[in-house]
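# Have a look; sequence and predicted model below, questions after that.
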Amino acid sequence: MPCFCRNLPPPWGNEDTQKILDILKKRNVHVTFFMTGGWVKNYPDDVKAILAAGHDLGNHSENHKNMSQLSAQQQQEELMRVHERVKELTGYDMFLFRPPYGDYDNSVILTARQCGYYPIQWDVDSLDWKDYGAEDIVNRVVNHKHLGNGSIILCHNGAKFTADALDDLITGLQDKGYQIVPVSDLIYRDNYHMDSEGRQIAN
């Protein structure tokens, strides 16, 4: 059951956010939006709208830095600054963390867990940020060699063709029998181990 993740890093804006939310609502699909502190600060009404629409709010760090290059204290600050901003804005306690650039090590994982977060990673990259076109996004994801139960799909709000590809992408995944869910519905919280590809396996 893949989860469609929406990633919102700087310097991208919010031009496509409402269009994306409208498509997701029309298709009755809920996903996870990972947001940086700067995006939350710049677009607080969008953050509220995403939560009100029933989507996950996920932590993508305060400043979109390579987390493995920071001290444990700096890692904690990157997590908790945006956490507190979202908490103050919405009352929502985020608990999902996607490290910027997919960059993590044992220290990042331990710090995230100590801060009450479940760190996640994608295994299907749409490469939407390369602007190859909507058709390429759909074909790349739907025919990806790693696509399978438990896949996490990486897309970006603000990429040129993502919003245009979204409806067909949902159709393509559903036609293959997949249910699209937010990460909070996808992950095990306990009693699991990881396989060699980083997938959770229930104990």
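Thanks, I have it.

# what residues does stretch 18-32 touch?
The contact list for stretch 18-32, computed with Cβ atoms under 8 Å, 6 or more residues apart in numbering, reads 3-6, 46, 49-50, 53-58, 96, 157, 162-163, 166-167, 170, 180-184. Any C-beta I mention is one placed from the backbone N, CA and C, and that applies to glycine too.

# State which helix of this protein is the longest.
Longest helix in the chain by number of residues (criterion: DSSP state H): helix 72-90.

# Gln114 and Val183, how far apart?
Going from Gln114 to Val183 by Cβ to Cβ, to the nearest Å gives 20 Å.

# next one: Ile23
19 Å.

# which of the two has more neighbours?
Set Ile23 next to Val183 and count neighbours by other Cβ atoms under 10 Å: Val183 wins out with 21 against 17.

# excluding its backbone neighbours, what's nearest the more buried one?
Once flanking residues are discounted, Val183 sits nearest to Thr32: 4.4 Å by Cβ to Cβ, 6 or more residues apart in numbering.

# Quick check: bridge partners of the one you found?
Counting by DSSP bridges, Thr32 forms beta bridges with Cys5, Asp56.

# Report how many residues lie close to it.
Thr32 has 24 nearby residues by other Cβ under 10 Å.

# who are the neighbours in contact with Ser107?
Ser107 sits next to 68, 72, 75 when contact means Cβ under 8 Å, 6+ apart.

# what's the answer for Pro100, then?
By Cβ under 8 Å, 6+ apart, the contact list for Pro100 reads 9, 36, 60-61, 64-67.

# Quickly note the distance from it to Ile187.
To Ile187, Pro100 is 19 Å away according to Cβ to Cβ.

# circling back to that earlier point, can I get the contacts of Pro100 in CSV with secondary structure and pLDDT?
Output for the contacts of Pro100, formatted as CSV (DSSP: H, G, I helix; E, B strand; the rest coil; pLDDT from 0 to 100):
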residue, secondary structure, pLDDT
Pro9, coil, 46
Thr36, coil, 93
His60, coil, 95
Ser61, coil, 96
His64, coil, 93
Lys65, coil, 94
Asn66, coil, 96
Met67, helix, 97
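
# would a markdown table of those residues with neighbour count and distance to Met194 be doable?
A markdown table is the format used below for those (neighbours: other Cβ atoms under 10 Å; distance: Cβ to Cβ, whole Å):
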| residue | neighbour count | distance to Met194 |
| --- | --- | --- |
| Pro9 | 21 | 26 |
| Thr36 | 23 | 26 |
| His60 | 26 | 22 |
| Ser61 | 25 | 22 |
| His64 | 18 | 25 |
| Lys65 | 17 | 25 |
| Asn66 | 14 | 22 |
| Met67 | 24 | 19 |
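
# would you turn these into TSV with distance to Arg81?
Output for the contacts of Pro100, formatted as TSV (distance: Cβ to Cβ, whole Å):
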residue	distance to Arg81
Pro9	15
Thr36	10
His60	12
Ser61	9
His64	12
Lys65	12
Asn66	17
Met67	13
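
# Can you say which of the contacts of Ser107 are buried?
Using 16 or more other Cβ atoms under 10 Å as the burial test, the contacts of Ser107 include Gln75 as buried.

# ok, back up a step: what's the longest helix of the chain packed up against?
Applying 3 or more Cβ pairs under 8 Å, 6 or more residues apart in numbering; DSSP states H and E, we find helix 72-90 packed against helix 37-42, helix 44-52, strand 56-59, helix 106-114.
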